[in-house]
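Novice: build me a model from this:
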Amino acid sequence: MTPPPVSGDGTKEAPWVLQTPPGTSEYTMYKDESHDPPILVCTVGKTVLHYDLRAIEDLHAMLKAHGDWMELGSADEQKPAKDGTVEAWGRSPDNPVGGWYGLKKGLRGRFGMYMPPLLEALGLAEVEHNARNNRMRAL
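Specialist: Here you go, the predicted structure:
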């Protein structure tokens, strides 16, 4: 399936306009490199989430090393992530940041929902766009 077109350049003035993997919701993301550490600002409706900017490179490197499709497994912070998924890796003490890439307490989850379309838009990954149980792999 062809990924949805992406607009924007990743700045606050022209954020990336993305769609969730199932294509059911639109959201925006942009880089804020003035923050310490630099962050990705993800806006879904009126909800604003923050992810560590290095998540882009770290997730791509992990997927390259993994070498195959990986389930996304998106889950809210309060729910456990399914083992072996992108979501579980995004909160694992074994990842390069030693835990959560999400930075806003209470809103640290959904890494497996919002990061994969960004990597796809940047040409770093391929993402499935089914109604549920989507996967991704590095390009």
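Novice: can you tell me the SS state at Ile56?
Specialist: Put simply, Ile56 is helix when judged by DSSP: H, G, I helix; E, B strand; the rest coil.
Novice: contacts only, for it.
Specialist: Contacts for Ile56 (CB atoms under 8 Å, 6 or more residues apart in numbering) come out as 40, 115, 118-119, 122, 124. Where you see a C-beta, it was placed from the backbone N, CA and C, and this is true even at glycine.
Novice: so how far is Asn133 from it?
Specialist: According to CB to CB, to the nearest Å, Ile56 stands 24 Å off from Asn133.
Novice: quick revisit: can you select the buried ones among the contacts of Ile56 for me in PyMOL?
Specialist: Buried members of these, defined by 16 or more other CB atoms under 10 Å, are picked up in PyMOL with:
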select buried, resi 40+115+118+119+124
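Novice: okay, and which of the contacts of Ile56 map to strands?
Specialist: Leu40 (DSSP state E).
Novice: the helices in this structure, which residues?
Specialist: For the chain, the helices defined by DSSP state H cover 55-66, 86-89, 111-121.
Novice: from the contacts of Ile56, pick the one nearest Ala75.
Specialist: Met115 (13.1 Å; CB to CB).
Novice: so which of the helices of the chain comes closest to Ser74?
Specialist: Smallest distance to Ser74 across these (CB to CB): 3.7 Å, for helix 111-121.
Novice: on that earlier part again, ok, which of the helices of the chain comes nearest Ser34?
Specialist: helix 55-66 (17.2 Å).
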